[in-house]
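Colleague: Everything below, folded, please.
(chains A, B, C, D, E, F, G and H, ligands or ions: 10)
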Amino acid sequence: MLEGNVAFAEAAVRAGCEAYFGYPITPQTEALEHMSRRMPELGRVFLQAESEVAAINMVYGAASAGARVMSSSSSPGVSLMMEGLSYIAGSEVPVVLVDVMRGGPGLGNIAPSQGDYNQIVKGGGHGDYRPIVLAPATVQELIDMTYEAFDLAEKYRCITIVLADGNLGQMMEPAELPPMRPVRRVEDRPAWALTGARGRAPNVISSIYIDPVEEEVFNHKLMAKQAEIEANEIRFRELQLEDAELAVIAFGTAGRIAQSAVKSAREAGVRVGLLRPISLFPYPYQRIRELANRVRGILVVEMNGGQMLDDVRLGVEGRVPIRFFGRMGGMVPMPDEVHDEIMALHASLPQLASAQEARR
Amino acid sequence: MLEGNVAFAEAAVRAGCEAYFGYPITPQTEALEHMSRRMPELGRVFLQAESEVAAINMVYGAASAGARVMSSSSSPGVSLMMEGLSYIAGSEVPVVLVDVMRGGPGLGNIAPSQGDYNQIVKGGGHGDYRPIVLAPATVQELIDMTYEAFDLAEKYRCITIVLADGNLGQMMEPAELPPMRPVRRVEDRPAWALTGARGRAPNVISSIYIDPVEEEVFNHKLMAKQAEIEANEIRFRELQLEDAELAVIAFGTAGRIAQSAVKSAREAGVRVGLLRPISLFPYPYQRIRELANRVRGILVVEMNGGQMLDDVRLGVEGRVPIRFFGRMGGMVPMPDEVHDEIMALHASLPQLASAQEARR
Amino acid sequence: MAKGRIEVSEALCKGCELCTTVCPKDLIVMATDHFTPKGYHPAMLQDPEAECTGCAICAVICPDAAITVYRWVPAAKAA
Amino acid sequence: MAKGRIEVSEALCKGCELCTTVCPKDLIVMATDHFTPKGYHPAMLQDPEAECTGCAICAVICPDAAITVYRWVPAAKAA
Amino acid sequence: MTETGMVESLIYAKPGSLMPIGTHYCPGCTHGIAHRLIAEVLDEMGVGEDTIGVAPVGCSVFAYNYFKIDFAEAAHGRAPAMATGLKRLNPGKLVFTYQGDGDLASIGAAEILHVAARGENITVVFINNAIYGMTGGQMAPTTLPGQRTTSSPTGRDVETTGFPMKMCEVLSQMDGSAYIVRRSLHDVANIRRAKKALQTAFAAQQQGLGFTMVELLSSCPTNWGMKADEALHWIESHMIPTFPLGDYKVHPSLGEARGGERS
Amino acid sequence: MTETGMVESLIYAKPGSLMPIGTHYCPGCTHGIAHRLIAEVLDEMGVGEDTIGVAPVGCSVFAYNYFKIDFAEAAHGRAPAMATGLKRLNPGKLVFTYQGDGDLASIGAAEILHVAARGENITVVFINNAIYGMTGGQMAPTTLPGQRTTSSPTGRDVETTGFPMKMCEVLSQMDGSAYIVRRSLHDVANIRRAKKALQTAFAAQQQGLGFTMVELLSSCPTNWGMKADEALHWIESHMIPTFPLGDYKVHPSLGEARGGERS
Amino acid sequence: MQTEIVISGFGGQGALFAGQLLAFAGMDSGKFVTWIPSYGPEMRGGTAHCTVTISDEEIGSPVVRHPKAAIVMNLPSLDKYEALVQPQGVLVVNASLVDRSPTRSNLNWVMVHGNEVAEELGDKRMANVVLLGALLGLEPVLTLDQLADALRNHIPARRRSLLDANLKALHEGAALAARDRVLA
Amino acid sequence: MQTEIVISGFGGQGALFAGQLLAFAGMDSGKFVTWIPSYGPEMRGGTAHCTVTISDEEIGSPVVRHPKAAIVMNLPSLDKYEALVQPQGVLVVNASLVDRSPTRSNLNWVMVHGNEVAEELGDKRMANVVLLGALLGLEPVLTLDQLADALRNHIPARRRSLLDANLKALHEGAALAARDRVLA
Ligand SMILES: Cc1ncc(C[n+]2csc(CCOP(=O)(O)OP(=O)(O)O)c2C)c(N)n1
Ligand SMILES: Cc1ncc(C[n+]2csc(CCOP(=O)(O)OP(=O)(O)O)c2C)c(N)n1
Ligand code: SF4
Ligand code: SF4
Ligand code: SF4
Ligand code: SF4
Ligand code: SF4
Ligand code: SF4
Ligand SMILES: [Mg+2]
Ligand SMILES: [Mg+2]
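Modeller: Residues are numbered from 1 along each chain as shown, chains lettered A, B, ... in the order given. Ligands and ions are numbered 1, 2, ... in the order given. Model prediction:
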């Protein structure tokens, strides 16, 4: 049995993460604590920064050196990283961040939440950039996505954020850790890395394009990269959607909880399925568009006031009714509540309700 | 003739702003400089903070004291305010912020941009909150909206952000300043303010609701407030939309530039109009929905990679084709480019092109 | 002759035992026979010889302001 | 006897005049008769008496590394 | 004087500036002592109704629940900035922050340095317990060399994590600071000295002398893994050698007060 | 020795560690001198290819264009954090930051304090020109009392804005710092001393002695509204009294180097 | 089959560790398990609470509104969970800190003086294990042996000296449950 | 009628202030005006540039791709704006820093040694005003008198001693334009 926070930290170690910079914050501190033990043990870099601002800028420096590097934090801490993340995006260095969201706004509380969807997915820092965002729902997925995040970040020279919540960070369940990958040798650092310009032209890592003409060219480059990511990296999981008349759409912990509700609603005779977006950027708009052509109604469940909801709407474009169920501020939806919402959506669509009558 | 930055600073002075805390950053520094002269002259508070992080937390403190208070900054500086803004939202103290956007991401450049739409409008800080966001397009509007921002912030006990760009901050044009309002007397500070608990029960300003049950109640309160704002405060300007077959939608400087293009396209015989959203939150979805039922095509123009575009799509819901034209990274669209885009949209809609033929 | 006494609030006392370490007369013990509502054994004055001077040293160290101290003073002075 | 000389790069010199204030022999003046491509009057060596010692003091203060300094040294030493 | 001539009189009770409720602090935690001292001083000076406190993020995050005065709860490390806003708009009131070592010396290092440089007329009560209490015992900037914490599991290694930060020493370098002292809460005598320092600090603020800070060496029995009294001994034996008690900066006009303090 | 026995030899040319291009600095700005000195030291130590620089946000934001070595451009004030990341992942290389007073002492105060506390093995070149150059002359934490700037138009008022921050004094309080000195660029002799300090700092870094910083009192003729040479005089007459030159912290193993420096 | 157990008490009473033991024992017996904590408003002395799910199939939601069983170690926990436990479910009450019995009639419950029993066995911090034993006495989702194995494998090193006492506590709890239980 | 004028040069050459003078003069003559600056890649010594629009009606876009007129104070500015000025538009070139003439034949242009003329009149920083005078000589969007009034009203206090010299510079520029202009 592994705790989520420890699990993703160890997954990062095994992905060959060379350096971790972070600052304690509930509910992700166990990750930092795990790193404080493991990294020095392996001769790698662990440093507790003086703040999240410093942590993300240390990450920026380490990434500029061409090393695999990560940080993790939770909502208020991640807000402090916004400037740094924008710089990182503007410099195209690969960085992995795990955000274990908690209840907000403000200091809020330490209970699980998905209230930072917009911040993370739409780019909470300034400027046109988008990180890859992956949303795990089980400790196993948390492990696998953190492991893969490093590859994605390096493939696209971008930020990859694993977006979890306090539930996932602090729960324990059995899960398998991936094999240990060796740390990249200094000689194998990328050509653009800052390692001292021995025998080569100097490298520069900078987010400045003081001439707007060049900045626009660079922005177009970022957009092209985003388009490529949208073409290649859309991920989602589906459950019993084949014959579904209703679809539940939910990510992360909310998605996992919805899974139980879908099961119980099926038992109650409702043909409902689940779409669980894994990649929040890139978002599976296309898949939702297809679904909207097929199902009769959609229920969106989130642990926030309705943030991913807009993305679902963008996919649905008004084709079928959308119902929203959200718990906020650290409250976790219960499977029976989601079940009730499915039933209510079902009841609100007369043709379905009567069809079910007929089937009976 | 007034420079935009000086104009909004002076407008704030006249709105009875009692305290300004800020940190220099191009292209809004002239506002801070104006305040450094004016506020002490009037016996009010000006303080150059050690950073934007400190500035927004000083603002938080001053707002907690029940005073009218503001800050202003530009993109990277605003990113550093995200945690503080989330706390402010979570404490329901009224705060005014002017964001004069520049090219990004990262350090980027100092040229005008609208690249921070998502950050500002969707809430770049953690948690479910939304500031009121107003987007001026002329120095006069910049003045008027800053003046009004204080009233809105106090009416709803929320953050009100005036979202401008470097163009507007640094341009000069003739404009009228509003009358000077007196500063609120200490005795008239709101009942919730921290002024020393003389003869009354102590007040507390805090963003903590450590019990998720209470945090959820609070979140619902915020949502209800947002709904009220959406009911009361939607603002937009329209130009020649009455008989339009095409609509251009653009905000702020891009909207002003589009105005010239709409004019020239009209001269070229195209029935095009302009919708310029003023309030970005609350957003005029309803108006766009109506338009989408009436026009044959929509052109969205932004100084970014297409951020407000999603909000337009949410209003349009697939009813008419949407074309997007964006300049990024500090580049400003030229009226002739927008004109060309209108013509291209027009040409892409065969029924319109032929109709025009017929009219000729 | 009893010069003083203390009262320990069981609502506030967390059984940290600090008061027991500072009383110059060693008059405070932990009530091991019961728990407070929060689950602690509270401190209590055990002063069979009426030695407590009301010096309030115990109160000075108590982190939870759980100790109230009384002292017998001349009526005139108290007035 | 000329011991040294300097060259001022007109691409680099910004006409700040600092070199003129430090030359112990007062040999540097501003060329007021023309502008560099950036619009500055550049510094120039005015050394009719061949007094420049190649001491490089001017170079030490030049913020733009615009000054190159040469000195005549014994051939042996230079080798 | 006969027994009948005596009446029972109240010598000490929970100060009026504290709410009559229990705190969430662990048993034996000196946060409680610090709260009590502040409340006693406010009571004795009669200024509770003219005082505004600013709570930090840290174990004392709920301080606003315990004091019967106006209170704000700041973002982690930003209490000095928030206090600046409060003080500038309430120049006649007493404003103090209450901050832990993580809050003040780590994430809030810039804000504390600048509030001192500005000579902001506020008082900072700095609770140095050499650890991050609230988040479960990670290393603080004040953690001692070799000290084991949950983020320095083999003991703080000065090679990679550096040395304890001595904030009195640093802040007394600021020309804006008027009264910077370090006290300890490890025994009754020191607690009394700490209280006097708090009095002096608030008095200095009343006189507008500039920035004032009282650092209080404190215990965290829970995260140090010690019993309450062991923890107090550890302050004495381990912390004081690294963080010497004393007056690091005393504004000349406080000479009087200091004299009193020495007695 | 005859005239024919003489050859013309190159005594000074733009250092090889600088790019052969002009800078964007204003005429007479001492940023250029500081760049030159660093480049000369790197050349003389032969370590340019093993050095990584970190540029700040400030007038020297484009420093990476001027040095012929690996360079990063940090966020405003965060150069020490970025340098920490770079150094930890390149422990064998020399890493230095180049920071203005706004960058280092204002927005970056926490990062500089902590990099010193950690004894991070990097070198900081601190350009103190008592102003925010890049943004057009606002007050810096180092602005002198009474000095007029665009954000202190009637002169810095110590009552409301506090006192100049003396970073050498502060940072030398940190046990992790190995070499903390203040030099000036206002005349040839001082420029030479500044260069020697830079040499010592880089050498100390090579030896892994801890955090090293050379503060250089600098001019900003543009925002001070002075001619270049007047500005240099102003450093001497106005800045040095507030910011005394000297060695604030020198690691014992640098005794040797210091001896050299005094000569 | 899926069984959800909530364990709830003040921080420091060992509710979380007791839940982990259960989950480890479930895992080691080849079941699917999840363990999920949640913390009350206070850091210490506040509420600490966890939900353990033990199931024969893959587990969807790791949280439930109506658990099959609950161990309540203080009064607020009893007040909260008495109402939520499923009909015919199980409630184990720490009588040391709770002075009232459950009032619902469709529950199987027992009052156990966890603190006192633990104190007698050598350390009052073992109250959680006593109550765990009582739980298994009423709701045999796992055997006492399976739990004892989990204790052997997962007791923290610094408490290892108390292993035998803990094993005793486990059995004592079960015995008390057998003796004092009130069935629906 | 709407006239757009771009003024472009190195920072420090006074391009921005010259544009403001134009805009003030326009405003004072009852026109609609906008003035909008933009800065090149460098802070100082880099490019500084502004667009002034003077119009009889409300102004939409304050920026244009093809201005009616441009004053170019250095070579990069000539290179950029020669191509952009409208056909039959006006180009005033600062011959002090630019060593080539415009090559387009559908422009009205003049080369003026702004720096030298200004230096002769007492301060080379008045080159911008010389060139402004030349502009009005070629493109009489406003009269010299209107501009002179603007100078009187808006010259910064610390330069007021140079007012007369500035007025001279203005007229000298116009005179030179009249003498040296090359018409399309
Ligand atoms: C931005 C941010 N980062 C991190 C945290 C998590 N956090 C809460 S308290 C704390 C440290 C508390 O330590 P200290 O200031 O020493 O106070 P103590 O609890 O020891 O009294 C941290 C890191 C937070 N709430 N916000
Ligand atoms: C977060 C952020 N805030 C503000 C700025 C604007 N800014 C750029 S440089 C600078 C100050 C530069 O002053 P200093 O560090 O003293 O350097 P100098 O230009 O004087 O060399 C400021 C405030 C910014 N780029 N980023
Ligand atoms: S008042 Fe004094 S003597 Fe009495 S119990 Fe307390 S410490 Fe002991
Ligand atoms: S010091 Fe206070 S809290 Fe601690 S045991 Fe004594 S009375 Fe109880
Ligand atoms: S080298 Fe010496 S003598 Fe020659 S010009 Fe330079 S400073 Fe003068
Ligand atoms: S010091 Fe350098 S830049 Fe300045 S005038 Fe002399 S040569 Fe030119
Ligand atoms: S964790 Fe430490 S500092 Fe926090 S309340 Fe407990 S003992 Fe006190
Ligand atoms: S503004 Fe000042 S610091 Fe910046 S380059 Fe010019 S003179 Fe130097
Ligand atoms: Mg602490
Ligand atoms: Mg500076």
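
Colleague: switch to C-alpha atoms for all contacts and neighbour counts from now on
Modeller: OK.

Colleague: tell me the mean pLDDT over stretch A:244-264?
Modeller: The average pLDDT within stretch A:244-264 is 98.

Colleague: need the longest strand for chain C.
Modeller: Secondary structure assigned by DSSP state E gives strand C:67-74 as the longest strand of chain C.

Colleague: touching ligand 4 at all, that one?
Modeller: Yes: Strand C:67-74 comes into contact with ligand 4 (Cα under 6 Å from any ligand atom), by way of C:I67.

Colleague: Contacts made by that strand with the rest, please.
Modeller: Strand C:67-74 has contacts (Cα atoms under 8 Å, 6 or more residues apart in numbering or on different chains) with C:2-9, C:53-54, C:56, C:58-59, E:1, E:5-14.

Colleague: Out of these, which sit inside strands?
Modeller: Per DSSP E, the contacts of strand C:67-74 map to strands at C:G4, C:R5, C:I6, C:E7, C:V8, E:M6, E:V7, E:E8, E:S9, E:L10, E:I11, E:Y12.

Colleague: residue contacts, the second one?
Modeller: It refers to C:R5. Residues in contact with C:R5 (Cα under 8 Å, 6+ apart) are C:L45, C:C52, C:T53, C:G54, C:V69, C:Y70, C:R71.

Colleague: residues near the closest residue to the last one other than its chain neighbours, how many?
Modeller: Distances taken as Cα to Cα, 6 or more residues apart in numbering or on different chains put C:G4 closest to C:R71, at 4.0 Å, once the chain neighbours are dropped. If you count neighbours by other Cα atoms under 10 Å in any protein chain shown, C:G4 ends up with 21.

Colleague: Likewise for E:K227?
Modeller: Counted with other Cα under 10 Å, E:K227 comes out at 17.

Colleague: Isn't it up against E:P221?
Modeller: Yes: counting by Cα atoms under 8 Å, E:K227 does reach E:P221; the two are 5.8 Å apart.

Colleague: Identify the contacts common to the two.
Modeller: Counting by Cα under 8 Å, 6+ apart, the residues touching both E:K227 and E:P221 are E:G28.

Colleague: just to revisit the earlier point, close enough to count as contact, the residue nearest to C:R71 and C:D47?
Modeller: No: contact criterion Cα under 8 Å: C:G4 and C:D47 do not qualify, at 10.1 Å.

Colleague: which residues do these two both contact?
Modeller: Common contacts of C:G4 and C:D47 (Cα under 8 Å, 6+ apart): none found.

Colleague: For the residue nearest to C:R71, give its distance to B:E141.
Modeller: For C:G4, the distance to B:E141 equals 74 Å [Cα to Cα, to the nearest Å].

Colleague: Likewise for G:K168?
Modeller: G:K168 sits 78 Å away from B:E141, taking Cα to Cα as the criterion.

Colleague: Same check on E:S60?
Modeller: 45 Å.

Colleague: Repeat that for E:T84.
Modeller: Distance of E:T84 to B:E141, computed by Cα to Cα: 32 Å.

Colleague: Relative to chain A, which residue of chain C is the closest?
Modeller: Nearest residue of chain C to chain A (Cα to the nearest Cα) works out as C:K38 at 22.6 Å.

Colleague: you'd agree that residue is in a strand?
Modeller: No: inclusion of C:K38 in a strand is not indicated when DSSP: H, G, I helix; E, B strand; the rest coil is applied; the result is coil.

Colleague: What is the neighbour count of it?
Modeller: Neighbourhood size, C:K38 [other Cα under 10 Å]: 17.

Colleague: what do you get for A:M171?
Modeller: For A:M171, using other Cα under 10 Å, the count is 23.

Colleague: Against ligand 7, how distant is it?
Modeller: For A:M171, the distance to ligand 7 equals 22 Å [Cα to the nearest ligand atom, to the nearest Å].

Colleague: Pull the contacting residues for the residue nearest to that residue when sequence neighbours are not counted.
Modeller: Counting by Cα to Cα, 6+ apart, A:M171 lies nearest to G:I36, which is 4.2 Å off, once chain neighbours are set aside. By Cα under 8 Å, 6+ apart, the residues touching G:I36 are A:N167, A:Q170, A:M171, A:M172, G:C50, G:T51, G:V52, G:P62, G:V63.

Colleague: So G:I36 versus A:A7, what's the distance?
Modeller: Per Cα to Cα, G:I36 is found 14 Å from A:A7.

Colleague: What of C:A11?
Modeller: 41 Å.

Colleague: repeat for A:L177
Modeller: Separation of A:L177 from A:A7 (Cα to Cα) stands at 8 Å.

Colleague: quick one, which of the two is more surrounded?
Modeller: More crowded of A:L177 and A:A7, by other Cα under 10 Å: A:A7, with 28 against 16.

Colleague: ok, the nearest residue to that one once chain neighbours are set aside - how many residues close by?
Modeller: Closest residue in space to A:A7, ignoring its immediate chain neighbours: A:I143 at 6.0 Å, by Cα to Cα, 6+ apart. Counted with other Cα under 10 Å, the neighbours of A:I143 add up to 27.

Colleague: again, but for A:I210
Modeller: Using other Cα under 10 Å, A:I210 has 22 other residues around it.
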